[in-house]
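# curious how this folds, go ahead:
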Amino acid sequence: MEELFRSLLGLIKNHNEWRLKNSINLISSENILSPEVRALLAVDFAGRYTSRESFYRGTKYMDEIEKIGTEVAKELFNAEYADLRPLSGHIATLAFLASSIKENETILCVSPEDGGYPGMAKNALPKFLGINVEYLPFNKEEYIIDVDATLNLIEKVKPNFIIFDFSLILRKQPVEEIYSKIKDKEIKIAYDGSHVLGLIAGGEFQNPLKEGAVALYGSTHKSFFGPQGGIILSNKTIGDEIDKVIFPSIIDNAHWNRIASLTLALIEMKEFGKEYAKQVVRNSKRLAKALFEFGMPIKGPRDILTESHQVYLDFGNKVENQRFAIELERVNIITDSAIRLGTNEVTRLGMKEKEIDEIAELIYKTYKKEDSEKIKKEVIKLKKEFNEIHFRFNNLNLEEIIEIILKNGN
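Just a heads-up that it's a prediction; the model follows:
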């Protein structure tokens, strides 16, 4: 057993050496936690329960932290209701659908072929819940929902909800424009902000709740720099319905160490989010422009290429995309196999336009099949200059972290 234990520790050490010290991470659905936020994942809450019905005793401090996190989230996103309990963005989606849409009702959402979330495909969560799905008309050149075609589809299928649910999102979508055309109808709008939640919180993207959406939900670990998990934000009416459904049908134990960690991440975002989000968008625009000028197949609206944390590099088919993702991995540049390049993590490590230009050149050299060992050494050299996490409260001990959280509750 000791040998297995040592093997486990060895694998963790190897991972940390590779991914934290020697690689540049451009996965758009990942981010890096501050040491302070990560520390809270290891507090005693990790082995404890609490519940709204006070079934478990000894929970008063855990309950207070959840209340603080909820209030900070409501303020940050301009929401009447916030729920930190979802264990993932997918669970947040499930909780929203189950509480807001009845069996045999119809929704419009984004096709996975157009960058929509696969969990919302016709054969995924909606099928499980008995919800009918029609896909929103999409302009594949401009990467935006087609408003006129959507209005025609609304008249035809009379949906109950329109859901903006993007996994590939390069630009703001016409939430407000569509809302202005349907606000007199019994149709509501929801928005899956999994990828752009940090940009919304930082004021560098559209805030759907201000543009007519009744709910905003998603993951807390992509452009938002919290622990892996989910969040739901909405008006009070939708929130009341979610509260009725979420426990005990969908979530029992919400992992209160995660909620404590998320609460501190929300406070970090409240303090540093504007500066962080601005730099993320500057960096992604710079990366898209540099790669485009190198002649690489960057997709997106030609006038802007991107206005989110994502840059889309597409060779035209999944096989070629995955092949190039593997080539990048060999030189310690980490991406997903769709090659959605994200600038969120490198921004949090303090990289700005100068470093983004260097990254673009390293990607281009890999594309041109230059010496991979030489490129890898350049990647490691660049990364070693950026190991400090920015946009955080520096050099705090655990007691000071708890004090910050409690201050935000006053």
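
# and residue 294, how many residues sit next to it?
Here the neighbour count serves as a burial measure; for residue 294 (other Cβ atoms under 10 Å) it reads 15. (Glycine included, C-beta is placed from N, CA and C.)

# check residue 249 too.
12.

# how about the contacts made by it?
Taking Cβ atoms under 8 Å, 6 or more residues apart in numbering as the criterion, residue 249 is in contact with residue 98.

# gap between stretch 121-137 and the chain center?
22 Å (Cα atoms, centre = their mean, to the nearest Å).

# what do you get for stretch 119-127?
With Cα atoms, centre = their mean as the basis, the distance from the averaged C-alpha position of stretch 119-127 to the chain average is 20 Å.

# do the same with stretch 17-27
19 Å.

# repeat that for stretch 372-384.
Between the mean C-alpha position of stretch 372-384 and that of its chain there is a distance of 28 Å (Cα atoms, centre = their mean).

# what about residue 11, helix or strand, and which?
Under the criterion DSSP states H and E, the helix or strand holding residue 11 is helix 2-15.

# ugh, wrong one, residue 237
Secondary structure (DSSP H and E) places residue 237 in helix 236-245.

# name the helices or strands packed onto that helix?
Using 3 or more Cβ pairs under 8 Å, 6 or more residues apart in numbering; DSSP states H and E as the contact criterion, the elements in contact with helix 236-245 are strand 81-83, helix 89-100, strand 230-234.

# any idea how far residue 82 is from the closest residue to residue 272 other than its chain neighbours?
Of all residues not flanking residue 272 in the chain, residue 391 sits nearest, at 3.9 Å (Cβ to Cβ, 6 or more residues apart in numbering). Relative to residue 82, residue 391 is positioned 21 Å away (criterion: Cβ to Cβ, to the nearest Å).

# and the helix or strand harbouring residue 177, how far from the chain's centre?
Applying DSSP H and E as the criterion places residue 177 in helix 175-182. Taking Cα atoms, centre = their mean, one finds the center of helix 175-182 at 24 Å from the center of the full chain.

# packing partners for it?
helix 147-157, strand 161-165, strand 188-192.

# just the CA coordinates for the first one, please, in CSV.
In CSV, the C-alpha atoms belonging to helix 147-157 read as follows (Å, rounded to 0.1, in the frame of the first residue of the first chain):
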residue,chain,number,x,y,z
VAL,A,147,-32.5,38.0,-35.1
ASP,A,148,-35.0,38.1,-38.0
ALA,A,149,-34.9,34.4,-38.6
THR,A,150,-35.3,33.8,-34.8
LEU,A,151,-38.4,36.0,-34.7
ASN,A,152,-39.8,34.0,-37.6
LEU,A,153,-39.1,30.8,-35.8
ILE,A,154,-40.8,32.1,-32.7
GLU,A,155,-44.0,32.8,-34.6
LYS,A,156,-43.8,29.2,-36.0
VAL,A,157,-43.1,27.1,-32.9
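
# could you give me the average pLDDT of that helix?
Here helix 147-157 scores 98 as its mean pLDDT.

# tell me the buried residues in that helix?
147, 150, 153-154 (16 or more other Cβ atoms under 10 Å).

# what about the residue lying closest to residue 167 once chain neighbours are set aside, how many residues close to it?
The shortest distance from residue 167 to any non-neighbouring residue, by Cβ to Cβ, 6+ apart, is to residue 117 (4.9 Å). Residues lying near residue 117 (other Cβ under 10 Å) number 25.

# hmm, residue 117 is touching residue 164, no?
No: Residue 117 is not in contact with residue 164 according to Cβ atoms under 8 Å; the separation is 9.9 Å.

# overlap in contacts of these two?
Residues touching both residue 117 and residue 164 comprise 109-110, 192, with contact defined as Cβ under 8 Å, 6+ apart.

# how about the CA coordinates for stretch 58-66, as CSV?
What follows is stretch 58-66, C-alpha atoms only, in CSV (Å, rounded to 0.1, in the frame of the first residue of the first chain):
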residue,chain,number,x,y,z
GLY,A,58,-23.0,22.7,14.3
THR,A,59,-23.4,24.5,11.0
LYS,A,60,-23.8,28.1,12.0
TYR,A,61,-20.5,29.3,10.5
MET,A,62,-20.9,27.4,7.3
ASP,A,63,-24.4,28.8,6.9
GLU,A,64,-23.1,32.4,7.5
ILE,A,65,-20.5,32.0,4.8
GLU,A,66,-23.1,30.8,2.3
